[in-house]
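Q: take a look and give me a structure for this.
(chains A and B)
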Amino acid sequence: MRKFFPVDSLARDSRFNQITMKQSQADPRSSLIAQEEKRPKTNRLQPSRPDASDAARSLMHGIFVGEIQALEGAGRTCHDFETGTEAPFALKLDMARQAWDEARHVEISVKLSEWMGTEIGQYAENTVLFEAACSTDPVLRLAGVNRALEGLAIDVFTTMKEFGDIAGDPFLEFCEDWMLADEVTHVKMGSDWLRRITENDPERRKKALEFQSVVDKIFSFGGTRSDSQESPIGLARRFRELAGFSDDEVEDIADVSLRALEERKAFARQAQAEAVEQFSAS
Amino acid sequence: MTVSVTPSTFSFVDFDADLIRRIGDGLVDALGIDRPVQVEVDETTPLGRVRTDIGDVITVHVESGAFEDSRKPRQQSEEATTANLGRALLRARDRITGGFGEAPADDELSLRQIAAWETYCVGRLARMGVPVNQQRWKYNFRNRHGFTDVADAAFERVWQSDGLTWGELETISLEGAATPS
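A: Below you'll find the model as predicted:
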C-alpha cells in the first residue's frame, strides 16, 4: 500500500470541489475590509450577526471536511511510519484511536449539516489541513496535525458550541461539546508524544515547534481565527490550557494569528487597488 | 419591464451581467413587477447581503456573495442568483402591491421579522419552481424564533402561505416566537 499520500490524490466524489490555501487567499475580495468600511467592528460568529445562520452553516461544512482530512492524517500516520524504528507502537495506537474519533466526528458533522440545511460538498473544500499531515517526520506531523490542526479545532468547536448555546440549538451545542472534549485529548496526545520523542533531541523539538508555528499561522486563515473581534473564530485559551499548551505557547499563537489578520487585510487592500487599476486601464 | 445590471463587466469575480439580466427578466415577468429594475453588484466584498430601494425604479444592491457559487469561489451560481434576486423582488412586490404598508423600513426590521419575511418569500419561490433547500430556511427561522415545536408550526404556516398581509405575517411570527408553556 502506498505511503505518504499527496494532497491532490485524496479520494473524493463529484460532490466535492477542492481548493488550495493559495487559491483561497488569492481572492481580492475581503469581508475584513468591508467590515471596516460598512459594518460594525465585530465579526465574531454569534447569533446576533444578521448572516448568522449561513455563516454557521459554512463553518459547519468547514468542520466536516476538516474532520475528513484529520481522519486521513491520523490514519496515514498509523501506516506511513515503521513501528519501532520510526514511531513507537503506542503512538500509532493513539493515532488509531484518533482516527476512530475523527470518523465519528465526520458522521456527527454530516448529521449537523443536514440539520442546518447544508448539502455535502455545498462549500469548497480547502485542503490545507491535510497538507500539514504530509510531513515525512512523525514528530513534525504531530506538531502540525495534533497541536496546530487539532488546536484550531478546539477554537472552532468552542465558537460553535457557544453559538449553539446562545441560539438555543440543543443538538449543535451538545454535539460540539462532545467533539471538543475529543479534540482536547488529541492535542494532549500530540503534546505528550512530542515531548517524549524529542526528550533527548532538542534540535528536533525546536524544528517541530517551528513547523507548528508556521502551520498555526496558516491555520489562522488570514485572520479567521484570532483574539480580535474582527475574526469569526476566537482563541479558546482555557481549553488550550487543558490540552497542554503553556501560557507562552498560547501567547505565541495569539501573536501569530493577529499578524495573519493584519497581513490578510494588507494583501486584500493591495489586491483590490491592483484590480481597480487593471480595470481602469482596460 | 426592463432590467439593467451594473457593472457590465466584472474584475473581482467571474460573473456574467447578461446572465443576471436574463434571470432578472424572467423573475420580473413571473412576479408581475410593474417598474424597471436596476441590479447593482458590489463585487469588492464576498459577503451576501441584498438591499432594495423602491422608487420609480426598484434598485437591488447585491453583495457578490449572494450570486456566488459556494462550491467554486468567485464563480457565479445561476441558482443562487435566481433565489436571492427573487427574494429581493418578492419583498419589493409585497411593499408595492399593498398589505405591507405598516411593515418597518428594511433597516428597521428585527432579525425575527426578517427571518419570517424571508421564509414567506422563499416558500413562494419554491412553489414557482425555483430550487431551494427548505431545511436551510427552517434552520434560519428556528435561530430567530426558537428551537421549538411552536416555532416549527409557525414556519410551516408561513412557508405554505400566499397573499399574507404584514399584520398576518407578524402575528404568525410572534406566535412562533412565544416560549411554550
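
Q: what's the single longest helix in the chain?
A: As the question left the chain open, I've gone with chain A. Longest helix in chain A, counting residues (DSSP state H): helix A:247-281.

Q: my question was about chain B, not that one.
A: As assigned by DSSP H, the longest helix anywhere in chain B is helix B:78-97.

Q: which elements pack onto the helix or strand following that one?
A: Downstream of helix B:78-97, the first helix or strand assigned by DSSP states H and E is helix B:111-127. Secondary-structure packing of helix B:111-127 (3 or more Cβ pairs under 8 Å, 6 or more residues apart in numbering or on different chains; DSSP states H and E): helix B:78-97, helix B:134-145, helix B:149-160, helix B:166-177. Just so you know, the C-beta spots here come from the backbone N, C-alpha and C atoms, and that holds for glycine as well.

Q: next, the buried residues of the first one.
A: It stands for helix B:78-97. B:80-95 (16 or more other Cβ atoms under 10 Å in any protein chain shown).

Q: C-alpha coordinates for that helix, PDB please?
A: Extracted in PDB, the C-alpha atoms of helix B:78-97 (Å, rounded to 0.1, in the frame of the first residue of the first chain):
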ATOM      1  CA  GLU B  78     -27.400  30.600 -11.600                       C
ATOM      2  CA  GLU B  79     -29.400  29.000  -8.700                       C
ATOM      3  CA  ALA B  80     -28.100  31.500  -6.100                       C
ATOM      4  CA  THR B  81     -28.700  34.400  -8.400                       C
ATOM      5  CA  THR B  82     -32.300  33.300  -9.100                       C
ATOM      6  CA  ALA B  83     -33.100  32.600  -5.400                       C
ATOM      7  CA  ASN B  84     -31.500  35.800  -4.000                       C
ATOM      8  CA  LEU B  85     -32.700  38.200  -6.700                       C
ATOM      9  CA  GLY B  86     -36.200  36.500  -6.400                       C
ATOM     10  CA  ARG B  87     -36.300  37.100  -2.700                       C
ATOM     11  CA  ALA B  88     -35.500  40.700  -3.100                       C
ATOM     12  CA  LEU B  89     -38.000  41.300  -5.800                       C
ATOM     13  CA  LEU B  90     -40.800  39.400  -3.900                       C
ATOM     14  CA  ARG B  91     -40.200  41.600  -0.900                       C
ATOM     15  CA  ALA B  92     -40.300  44.700  -3.100                       C
ATOM     16  CA  ARG B  93     -43.500  43.400  -4.700                       C
ATOM     17  CA  ASP B  94     -45.000  42.900  -1.200                       C
ATOM     18  CA  ARG B  95     -44.400  46.500  -0.400                       C
ATOM     19  CA  ILE B  96     -45.600  47.800  -3.700                       C
ATOM     20  CA  THR B  97     -48.800  45.800  -4.000                       C
END
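
Q: next, the angle from it to helix B:166-177.
A: Orientation of helix B:78-97 against helix B:166-177 (axes from the mean of the first three to the mean of the last three Cα atoms, to 10 degrees) gives an angle of 120 degrees.

Q: quick one: helix B:78-97 near chain A?
A: No - using Cβ under 8 Å from any Cβ of the partner chain, helix B:78-97 never reaches chain A; the gap is at least 10.9 Å.

Q: run the chain-centre distance for that helix.
A: Here the centre of helix B:78-97 is set off from its chain's centre by 5 Å, with Cα atoms, centre = their mean, to the nearest Å.

Q: contact partners of that helix?
A: Residues from elsewhere that reach helix B:78-97, judged by Cβ atoms under 8 Å, 6 or more residues apart in numbering or on different chains: B:19-20, B:23-24, B:26-28, B:31-35, B:37, B:39, B:48, B:50, B:52, B:54, B:58, B:60, B:62, B:66-70, B:100, B:103, B:117-118, B:121-122, B:124-125, B:128, B:130-132, B:166.

Q: once you drop chain neighbours, what's closest to the one residue in chain B that gets nearest to chain A?
A: Nearest residue of chain B to chain A: residue B:136, at 2.9 Å (Cβ to the nearest Cβ). For residue B:136, ignoring the flanking residues on the chain, the nearest one in space by Cβ to Cβ, 6 or more residues apart in numbering or on different chains is residue A:117 at 2.9 Å.

Q: phi and psi next, for that neighbour.
A: Here is the backbone geometry of residue A:117 (degrees, to the nearest 10): phi 90, psi 40.

Q: ok, now which ones touch it?
A: Taking Cβ under 8 Å, 6+ apart, one finds A:57, B:133, B:134, B:135, B:136, B:137, B:138, B:139, B:140 in contact with residue A:117.

Q: ok, the second one touching residue A:114?
A: The one in question is residue B:133. No - counting by Cβ atoms under 8 Å, residue B:133 sits too far from residue A:114 to count as a contact (10.2 Å).

Q: pick out whichever of those two has more residues nearby.
A: The neighbour comparison of residue B:133 against residue A:114 (other Cβ atoms under 10 Å in any protein chain shown) goes to residue B:133, with 17 against 12.

Q: and residue A:89, how many neighbours?
A: Per other Cβ under 10 Å, the neighbour tally for residue A:89 reads 9.

Q: give me the pLDDT value at it.
A: Per-residue pLDDT puts residue A:89 at 96.

Q: returning to that earlier point: could the helices and strands packed on helix B:111-127 be laid out in JSON lines, adding distance to residue A:94?
A: Formatted as JSON lines, those follow (distance: least, Cβ to Cβ, whole Å):
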{"stretch": "helix B:78-97", "distance to residue A:94": "43"}
{"stretch": "helix B:134-145", "distance to residue A:94": "36"}
{"stretch": "helix B:149-160", "distance to residue A:94": "43"}
{"stretch": "helix B:166-177", "distance to residue A:94": "47"}
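
Q: what's the closest of these to residue A:145?
A: Nearest to residue A:145 among the helices and strands packed on helix B:111-127 is helix B:134-145 (31.3 Å), distances taken as Cβ to Cβ.

Q: export that closest one to PDB, keeping only CA atoms.
A: This file holds the C-alpha atoms of helix B:134-145, laid out as PDB (Å, rounded to 0.1, in the frame of the first residue of the first chain):
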ATOM      1  CA  GLN B 134     -36.300  24.200   2.800                       C
ATOM      2  CA  GLN B 135     -34.200  22.900   5.800                       C
ATOM      3  CA  ARG B 136     -31.800  25.800   5.400                       C
ATOM      4  CA  TRP B 137     -34.700  28.300   5.800                       C
ATOM      5  CA  LYS B 138     -36.200  26.300   8.700                       C
ATOM      6  CA  TYR B 139     -32.800  26.500  10.500                       C
ATOM      7  CA  ASN B 140     -32.700  30.200   9.900                       C
ATOM      8  CA  PHE B 141     -36.300  30.600  11.200                       C
ATOM      9  CA  ARG B 142     -35.500  28.500  14.300                       C
ATOM     10  CA  ASN B 143     -32.500  30.600  15.000                       C
ATOM     11  CA  ARG B 144     -34.700  33.700  15.200                       C
ATOM     12  CA  HIS B 145     -37.900  32.100  16.700                       C
END
